[in-house]
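3D, please:
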Amino acid sequence: FGGFTMGGRLYGKSPQMPTNDLHFFDPLTGAWVNLGGREPDGIPPGSPPPRGAMGFAADGARLLVFGGAGWGTNRLQDLHRFDLASRAWAELGLAAVGGDPPPAARSAPGMAAW
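Model prediction:
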């Protein structure tokens, strides 16, 4: 099976800066595919801000990213969706519509797709 990796902190740099690059491992070719990131394609429009320790889930057609750790002690509360077919990001609103408020800002949240 294939898999995705996104964000994190780049080590070997000073300071250890967060990133928002997105990569896919293709098990059919045994190669990594850059879906938008630092090199060579640049960050796609609408990408979430750089972060590490975020919630990350995939359902085969879309990826969801929630929260995480930005620069310094900044903890994030935003929710973003990446559509694999169009390779486009969209920020999803956090406003509660007749339901509970969204989770508080946090890093390293657990997250699962259903």
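
which SS class is Trp32?
Classification of Trp32 by DSSP: H, G, I helix; E, B strand; the rest coil places it in strand.

my bad, Gly12
coil.

so where is this protein shaky, pLDDT-wise?
Scanning the chain for pLDDT under 70 picks out 13-15, 37-42, 95-98.

try it again at 90.
Residues of the chain meeting the criterion pLDDT under 90: 1-21, 23, 33-47, 49-50, 59-60, 70-74, 87, 92-102, 113-114.

center of it, which residue is that?
Centroid-nearest residue in the chain, with Cα atoms, centre = their mean: Val65, separated by 4.4 Å.

so what touches the helix or strand that contains that one?
Following DSSP states H and E, one finds Val65 within strand 62-69. Defining contact as Cβ atoms under 8 Å, 6 or more residues apart in numbering, one finds that strand 62-69 is touched by 4, 6-7, 18, 22, 48, 51-58, 75-84, 103, 105-109, 111, 113. Using the backbone N, CA and C atoms, a C-beta is placed for each residue, glycine as well.

now, of those residues, which are buried?
4, 6-7, 18, 22, 48, 51-56, 58, 75-76, 78-80, 82, 106-107 (16 or more other Cβ atoms under 10 Å).

show me those that map onto strands.
Mapping the buried ones among the contacts of strand 62-69 onto strands (DSSP state E) picks out 4, 6-7, 18, 22, 55-56, 58, 75-76, 78-80, 82.
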